[in-house]
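K.L.:
Need coordinates for the following:
(one chain, ligands or ions: 3)
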Amino acid sequence: MSNFSSQLRLSSSLLKHLKHQINATSSTTSASAAAMMFERRSFTTTEGSRPTIVHKRSIDILHDPWFNKGTAFSMTERDRLDLRGLLPPTVMSSQQQIERFMVDLKRLEVQARDGPSDPNALAKWRILNRLHDRNETMYYKVLIENIEEYAPIVYTPTVGLVCQNYSGLFRRPRGMYFSAEDRGEMMSMVYNWPADQVDMIVVTDGSRILGLGDLGVQGIGITIGKLDLYVAAAGINPQRVLPVMIDVGTNNERLLKDPLYLGLQEHRLDGEEYISVVDEFMEAVFTRWPHVIVQFEDFQSKWAFNLLQRYRNTYRMFNDDVQGTAGVAIAGLLGAVRAQGKPMIDFPKQKIVVAGAGSAGIGVVNAARKTMARMLGNTESAFESASSQFWVVDANGLITEERTNIDPQALPFARKAKEVGHQGLREGASLVEVVQQIKPDVLLGLSAVGGLFSKEVLEALKGSTSTRPAIFAMSNPTKNAECTPEEAFSVLGDQLIFASGSPFNDVKFGDGVIGHCNQGNNMYLFPGIGLGTLLSGSRIISDGMLQAAAECLAAYMKDDEVLKGIIYPSISRYIRLDLTESVATFYLVFGLIYY
Ligand SMILES: NC(=O)C1=CN([C@@H]2O[C@H](COP(=O)(O)OP(=O)(O)OC[C@H]3O[C@@H](n4cnc5c(N)ncnc54)[C@H](O)[C@@H]3O)[C@@H](O)[C@H]2O)C=CC1
Ligand SMILES: CC(=O)C(=O)O
Ligand SMILES: [Mg+2]
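P.N.:
Numbering: from 1, shown residues only. Ligands and ions are numbered 1, 2, ... in the order given. This next block holds a predicted model:
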């Protein structure tokens, strides 16, 4: 790139920035600037025919069925009409658009059958999505009033299916797309978004969507679903939320070959190139909206940890999978202690086997170990003692210090070979061996492997030394759950404590005895974390704040509920603002003390 052209790009960014400043600071100037924009005519061509005169700009064009060409707007048109970033990066011909539409239409019945428990899940999503596009107020009212029925549609599990099929389902764009091809342009593009105020951004790079792997640009669906819950549970103004997709390519070979894929059809950027794209995005959004909160969602583990460390002391951001999941898991783990009739302070005595050492699993072990250490007095020996309560198993079995090429994030949780030798275990021991030998109080899955807690593993857990063993099958969506509640309760009986990441029905034993299926999902924390940060005005989001939010969620459950095995609030209580408000308030107080 020559100096001259990068200077040109820089000055175009600066001009946009200045234009915005002028609009924001002077209403008279703003009115005349708007008038100038209105007078300046642009032309958009409809293939082969005469030019069309468009007075509108930006998102107004996309919402106007007369002018909207969707993904068929060329890059020149996108630049001229302030559309850059408002559409997925791939430019399609109108014929390709029709093909995409027809493939989707024909696939409807097959896709609907993929729905985990509700055969009409995808059809419901389409109807809700159309309402979302037409009338946001009504959409959120419908969602809030029917949250039990529709949270599983706009969120896990159906949102997973939606992301898998997003290129077909895509109709009207929602949110912003920053692609590797927008390098140098992001500071300018960010002003294409129509809202002057944005409180919450949820951003993904699509590299690990739920437990479904790399879905590339189609991952935008999860950011929309998460923000729906911000509006429903935390009352965030829907005009002030922004779903974002950073498209740096995909390593999903199926998508790379799919002619109808909407994202960049090239392998993912990596290393410094990747970081520079995310850096540019962060700089751009915090320049336009200095008080925005950015939630990182479903980034593959290496980038989840790396970007969290890179930004957490500079920007108002957090990683939901690492930090939100950890808080929800701690609340559930404390609930499981209480369900045994013990005080929470007994938590450091729990033996916990964790299957999965990715962003979520390591996030949980890290935070749970800190919680235990704090309860034990926060000394070095307290930390040592807390460390000895966890056994982490990944795709290669039990992680010990003997592991070659150990992932740096997992290293602090690797067990000493000699120590596990005394326990009858070794490097790479299988999950079933670990459960048999350790007889844990808790078996927690964040592996994305459906059915990992096989009959053999569940049988092994019968040897648990706990009066009420607990299973957290937290992987999403439904088919990735490590086991179902039926499988777990049928082997372990009604005293089992059970939680899953996606919703399942309770299990009925007869005689009115119920095996409760709790939903252990970070959705119980992230809206409160966002709201608390917004209200406190905190500059960053600290571990202490997240810890306070987790403890608040744990304390929210009453003793009689916990003794019945109900360790998380039901989804119907979710939207009663008292939950999110109490998480946020606790957090707010903590935030104010902290700063
Ligand atoms: N319930 C909730 O709130 C949340 C659930 N999740 C779910 O957790 C899952 C994992 O997410 P990440 O940690 O980000 O993924 P990841 O891909 O970074 O990590 C997966 C981990 O599982 C391990 N694994 C794979 N096969 C295994 C096996 N056979 N036995 C034991 N471990 C195995 C891998 O080695 C890796 O360490 C996903 O399904 C995601 O949906 C993630 C965040 C929140
Ligand atoms: C719930 C969530 O954040 C996940 O499964 O990735
Ligand atoms: Mg996630």
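
K.L.:
after the lengthiest strand in the chain comes which helix or strand?
P.N.:
Longest strand in the chain, counting residues (DSSP state E): strand 241-247. Toward the C-terminal end, the helix or strand that comes next after strand 241-247 (DSSP states H and E) is helix 253-257.

K.L.:
what's the following helix or strand past that following helix packed up against?
P.N.:
Past helix 253-257, further along toward the C-terminus, the next helix or strand under DSSP H and E is helix 271-288. If contacts are counted by 3 or more C-beta pairs under 8 Å, 6 or more residues apart in numbering; DSSP states H and E, helix 271-288 sits against strand 176-179, helix 186-189, strand 241-247, helix 301-311. Placement of C-beta: from N, CA and C, glycine included.

K.L.:
Average pLDDT for helix 271-288, rounded please.
P.N.:
Throughout helix 271-288, pLDDT has a mean value of 98.

K.L.:
Convert the C-alpha atoms of the longest strand of the chain to PDB, please.
P.N.:
What follows is strand 241-247, C-alpha atoms only, in PDB (Å, rounded to 0.1, in the frame of the first residue of the first chain):
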ATOM      1  CA  VAL A 241     -27.300  -2.500  20.800                       C
ATOM      2  CA  LEU A 242     -25.000  -3.500  18.000                       C
ATOM      3  CA  PRO A 243     -24.300  -7.000  16.800                       C
ATOM      4  CA  VAL A 244     -20.900  -7.300  15.100                       C
ATOM      5  CA  MET A 245     -19.200  -9.800  12.900                       C
ATOM      6  CA  ILE A 246     -15.500  -9.600  12.300                       C
ATOM      7  CA  ASP A 247     -14.900 -11.600   9.100                       C
END
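
K.L.:
Could I get the contacting residues of the residue of the stretch 51-200 of the chain found nearest ligand 2?
P.N.:
Relative to ligand 2, the nearest point of the stretch 51-200 of the chain is residue 156 (5.9 Å; C-beta to the nearest ligand atom). Contacts for residue 156 (C-beta atoms under 8 Å, 6 or more residues apart in numbering) come out as 210, 225, 476, 477, 478, 501, 502, 503, 521.

K.L.:
Residue 506 now?
P.N.:
485, 514, 515, 516, 517.

K.L.:
Try it again at 10 Å.
P.N.:
Going by C-beta atoms under 10 Å, 6 or more residues apart in numbering, residue 506 touches 485, 489, 498, 514, 515, 516, 517, 518, 565, 566.

K.L.:
Return the closest of the residues you listed with respect to residue 182.
P.N.:
Taking C-beta to C-beta as the measure, residue 518 is the one of those closest to residue 182, at 41.9 Å.

K.L.:
for that closest one, which residues make a bridge with it?
P.N.:
Beta-bridge pairing for residue 518 (DSSP bridges): residue 499.

K.L.:
I'd say it and residue 498 touch.
P.N.:
Yes - if you go by C-beta atoms under 10 Å, residue 518 and residue 498 touch, sitting 6.7 Å apart.

K.L.:
tell me the pLDDT at the closest residue to residue 162 other than its chain neighbours?
P.N.:
Using C-beta to C-beta, 6 or more residues apart in numbering and skipping the chain neighbours, the partner closest in space to residue 162 is residue 221 (4.6 Å). On the pLDDT scale, residue 221 is placed at 98.

K.L.:
what sits against residue 221?
P.N.:
Contacts for residue 221 (C-beta under 10 Å, 6+ apart) come out as 125, 129, 154, 158-166, 169-170, 174-175, 204, 206, 209-210, 215, 243, 245.

K.L.:
Give me the neighbour count for residue 465.
P.N.:
10 (other C-beta atoms under 10 Å).

K.L.:
Actually, residue 314.
P.N.:
Residue 314: 11 surrounding residues under other C-beta under 10 Å.

K.L.:
Quick check: it vs residue 307, distance?
P.N.:
Applying C-beta to C-beta, to the nearest Å, the value for residue 314 to residue 307 is 11 Å.

K.L.:
okay, and the common contacts of the two?
P.N.:
Shared contacts of residue 314 and residue 307, defined by C-beta under 10 Å, 6+ apart, are found at residue 282.

K.L.:
one step back: show the average pLDDT along the longest strand of the chain.
P.N.:
Average pLDDT, strand 241-247: 98.

K.L.:
now it against helix 271-288, angle please.
P.N.:
Interaxial angle, strand 241-247 versus helix 271-288 (axes from the mean of the first three to the mean of the last three C-alpha atoms, to 10 degrees): 160 degrees.

K.L.:
what packs against strand 241-247?
P.N.:
Under the contact criterion of 3 or more C-beta pairs under 10 Å, 6 or more residues apart in numbering; DSSP states H and E, strand 241-247 touches strand 176-179, strand 200-204, helix 220-234, helix 271-288, strand 293-296.

K.L.:
near ligand 2, which residues of the stretch 401-550 of the chain?
P.N.:
Contact residues (C-beta under 6 Å from any ligand atom) of the stretch 401-550 of the chain with ligand 2: 476, 501, 521, 522.

K.L.:
Could I get the contacting residues of the one residue in the stretch 451-595 of the chain that gets nearest to ligand 1?
P.N.:
Residue nearest to ligand 1 within the stretch 451-595 of the chain (C-beta to the nearest ligand atom): residue 501, separated by 3.0 Å. Neighbouring residues of residue 501 by C-beta under 10 Å, 6+ apart: 156-157, 210-211, 325, 328, 360, 445-446, 448, 472-478, 480-482, 519-523.

K.L.:
Next: residue 350.
P.N.:
Neighbouring residues of residue 350 by C-beta under 10 Å, 6+ apart: 333-334, 336-337, 340, 342, 368, 372, 389-390, 440-442, 466, 470.

K.L.:
quick one: the residue of the stretch 51-200 of the chain at minimum distance from ligand 1 and residue 537, what's the gap?
P.N.:
The minimum distance from the stretch 51-200 of the chain to ligand 1, using C-beta to the nearest ligand atom, falls at residue 156 (7.5 Å). Counting by C-beta to C-beta, the separation of residue 156 from residue 537 is 31 Å.

K.L.:
ok, now residue 551?
P.N.:
Applying C-beta to C-beta, the value for residue 551 to residue 537 is 22 Å.

K.L.:
between those two, who's got more neighbours?
P.N.:
Taking neighbours as other C-beta under 10 Å, residue 551 and residue 537 compare with residue 551 leading, 19 against 12.
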